[in-house]
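1. Everything below, folded, please.
(4 chains)
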Protein chains: 2
Amino acid sequence: MNKAERTRRFIIEQSASIINRKGMAGTSMSDIMEATKLAKGGIYGNFESKDEICVESFLYLTATLADQLNRAVLRGKTAREKFLNLLDAYKEIKNTDGGCPIMNFGVEADDTHPGMKENVKKAIRSAQKRFFDIISNGIANNEISVTVNPKNFSIKVFAMIEGAILCRRVLESDEQMWIIMEAIRLEFDSYLL
Amino acid sequence: MNKAERTRRFIIEQSASIINRKGMAGTSMSDIMEATKLAKGGIYGNFESKDEICVESFLYLTATLADQLNRAVLRGKTAREKFLNLLDAYKEIKNTDGGCPIMNFGVEADDTHPGMKENVKKAIRSAQKRFFDIISNGIANNEISVTVNPKNFSIKVFAMIEGAILCRRVLESDEQMWIIMEAIRLEFDSYLL
DNA sequence: TTTTTAAAAGACCGAACGGTCTATTTTAAC
DNA sequence: GTTAAAATAGACCGTTCGGTCTTTTAAAAA
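-> Have a look, this model is predicted:
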């Protein structure tokens, strides 16, 4: 990794959490300059535009998060362990970093950011697939009842978690997230064979 | 309602959906000037700042929405009718107006907008209370099983709906919302006596 | 170590930002 | 219809915006 690649990565790392918190429109180049302690030239030598930094920041945030979640899943042996580990990993997403990038960028990426919207779409699909795979495998292994529709259940669980993240963020309390996570767990356990 | 009051209201009505779509930071005074066909003086004669317009727009959006939802509930006689009408009313929230203001403003109202955050908190609580009241009354009327925890269930349903709104908005498809709404309906019906 | 190449600094740019203020127009009281 | 008061227009303000470009500095090749 040469100098430019390292600087580029550094800029993304420093910018990502700011953009996740303040939004794309709400984050200015001077915010990024301050966070990186770099001047304009140092930044624009590595990126074409602020938009590019936003896109790369989103990809970095989701990749980091996906890695965390995937590792949590891998720590489990059974479908139940994998599923519960994944729920716990979601609980660990900290508000201080701005919460879930899918929601933050998804809300802002309206028709004026079509490229970003596509990235968020992919992120949603892969988040749902993580649940889907656990359930499908659980069914294949006779761990989970065949009456469960893996697609519908993974969509539902993902929606509940995103709702929970929103509530925690706005209400500044973990209570509702716990209630929601417990409800998910209860329903999941009711499907175990 | 004198001229000033009418103009003030007009500015809010015209600004609200823009701010809901583009965000507070993403909406400029020139956007508002264009939408209202008013000059700076006309706007700043009625509002202290852009921030004030944002706050009033949020209150207007949530009040309008609350009215829609409340009317849907009132159209039902039984708890089940009220509940299903409410779900249907949520489905009707159109993406073209920017989706759910609770999510849009909630995500953007970070620590730099403490006043706005309080407003969003209240909006969440009252949205959840609408579900809570239907369930509680349903239990009191022997329509719904006493085994249902109204608080937990209303929190869960609200989270699912917000998640569904996010998915619909980003994926630009109603499919997942339908799946989620149907799941809510099924669970609700399982609690009926 | 010298030389060549790559990377970063920071002055600078025009445009757009939120907001102010006076002149003018519109409303409403008489 | 005249006049006093309220409301709006729009020129103007300083600041900040995203972005460019030349100069300087640092890295890497010789």
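2. if I look at the residue lying farthest from the centre of chain A, how far off is DNA strand C?
-> In terms of distance from the mean C-alpha position of chain A, A:G41 ranks first, at 31.2 Å (Cα atoms, centre = their mean). Here A:G41 is placed at a distance of 2 Å from DNA strand C (Cβ to the nearest atom of the strand, to the nearest Å). For every residue, glycine as well, the C-beta is placed using N, CA and C.
3. Now A:E56. Nearest residue, chain neighbours left out?
-> Among residues not flanking A:E56 along the chain, A:I12 sits closest, at 5.0 Å (Cβ to Cβ, 6 or more residues apart in numbering or on different chains).
4. oh sorry, the question was meant for A:A35
-> The shortest distance from A:A35 to any non-neighbouring residue, by Cβ to Cβ, 6+ apart, is to A:Q14 (4.4 Å).
5. So the residue farthest from the centre of chain A belongs to a helix, correct?
-> Yes - with DSSP: H, G, I helix; E, B strand; the rest coil as the criterion, A:G41 is part of a helix.
6. And it, what's its pLDDT?
-> Looking at A:G41, its pLDDT reads 97.
7. quick one, what contacts it?
-> With contact set as Cβ atoms under 8 Å, 6 or more residues apart in numbering or on different chains, A:G41 has no partners.
8. Now do stretch A:16-27: everything it contacts.
-> Contacts of stretch A:16-27 (Cβ under 8 Å, 6+ apart): A:15, A:31-32, A:35, A:50-51, A:53-54, A:57-58, A:60-61, A:97-99, A:101, A:104-105, A:108-109, A:113, A:116, B:22-23, B:25-26, B:107-108, B:110, B:112.
9. That one - what's its average pLDDT?
-> For stretch A:16-27, mean pLDDT rounds to 96.
10. Now do the end-to-end distance for that stretch.
-> Taking Cα to Cα, to the nearest Å, stretch A:16-27 runs 10 Å from one end to the other.
11. Would that stretch count as contacting DNA strand D?
-> Yes - interface with DNA strand D: stretch A:16-27 contributes A:T27 (Cβ under 7 Å from any atom of the strand).
12. what does chain A put close to chain B?
-> By Cβ under 8 Å from any Cβ of the partner chain, the part of chain A that sits against chain B consists of A:21-23, A:25-26, A:98-99, A:102-104, A:106-110, A:112, A:117, A:120-121, A:124, A:151-152, A:155-156, A:158-164, A:166-167, A:169-171, A:176, A:179-180, A:183.
13. now these: which count as buried?
-> Buried members of these, counted by 16 or more other Cβ atoms under 10 Å in any protein chain shown: A:21-23, A:25-26, A:98-99, A:102-104, A:106-110, A:117, A:120-121, A:124, A:151-152, A:155-156, A:158-164, A:166-167, A:169-171, A:176, A:179-180, A:183.
14. Report the contact partners of the closest residue to A:K82 other than its chain neighbours.
-> Closest residue in space to A:K82, ignoring its immediate chain neighbours: A:G76 at 3.6 Å, by Cβ to Cβ, 6+ apart. A:G76 makes contact with A:82-86 under the criterion Cβ under 8 Å, 6+ apart.
15. ok, now with 10 Å
-> A:82-86, A:134 (Cβ atoms under 10 Å, 6 or more residues apart in numbering or on different chains).
16. SS state for it?
-> Going by three-state DSSP: A:G76 is coil.
17. and A:M29, how far is that from chain B?
-> Per Cβ to the nearest Cβ, to the nearest Å, A:M29 is found 14 Å from chain B.
18. Run a quick neighbour tally on that residue.
-> Around A:M29 there are 14 other residues, counting by other Cβ atoms under 10 Å in any protein chain shown.
19. do A:I144 as well
-> Here the count is done by other Cβ under 10 Å, and A:I144 has 24 residues near it.
20. What residues does chain A have near DNA strand D?
-> Applying Cβ under 7 Å from any atom of the strand, we find that chain A lies next to DNA strand D at A:2-3, A:27-31, A:40-41, A:44, A:48-51.
21. Identify the farthest-apart pair in these.
-> Distances among those were taken as Cβ to Cβ; the most separated pair is A:N2 and A:S28, at 28.5 Å.
22. out of the two, which sits in the busier spot?
-> The residue with more neighbours, out of A:N2 and A:S28, is A:S28; 13 against 7, by other Cβ under 10 Å.
23. For that one, what are phi and psi?
-> Backbone torsions of A:S28, given as degrees, to the nearest 10, read phi -100, psi 160.
24. Repeat that for A:I144.
-> Main-chain dihedrals, A:I144, degrees, to the nearest 10: phi -120, psi 140.
25. partners of it in the sheet?
-> Beta-bridge partners recorded for A:I144 (DSSP bridges): A:L192.
26. Quick check, it in contact with A:F131.
-> No - contact between A:I144 and A:F131 fails when scored by Cβ atoms under 10 Å: they sit 11.9 Å apart.
27. Quick check: mean pLDDT of the longest helix along chain A?
-> In chain A, assigned by DSSP state H, the helix with the most residues is helix A:114-140. The average pLDDT within helix A:114-140 is 97.
28. quick one: buried residues of that helix?
-> Buried residues in helix A:114-140 (16+ other Cβ under 10 Å): A:116-117, A:119-121, A:123-124, A:127-128, A:130-132, A:134-136, A:138-139.
29. same question, stretch A:49-64
-> Within stretch A:49-64, the residues scored as buried using 16+ other Cβ under 10 Å are A:50, A:53-62.
30. okay, now A:H113: neighbour count?
-> Other residues within reach of A:H113, judged by other Cβ under 10 Å, total 18.
31. hmm, I was thinking of A:S190
-> With neighbours defined by other Cβ under 10 Å, the count for A:S190 comes to 9.
32. Stretch A:5-23 near DNA strand C at all?
-> Yes - counting by Cβ under 7 Å from any atom of the strand, DNA strand C is contacted by stretch A:5-23 at A:T7.
33. Done for today, thanks.
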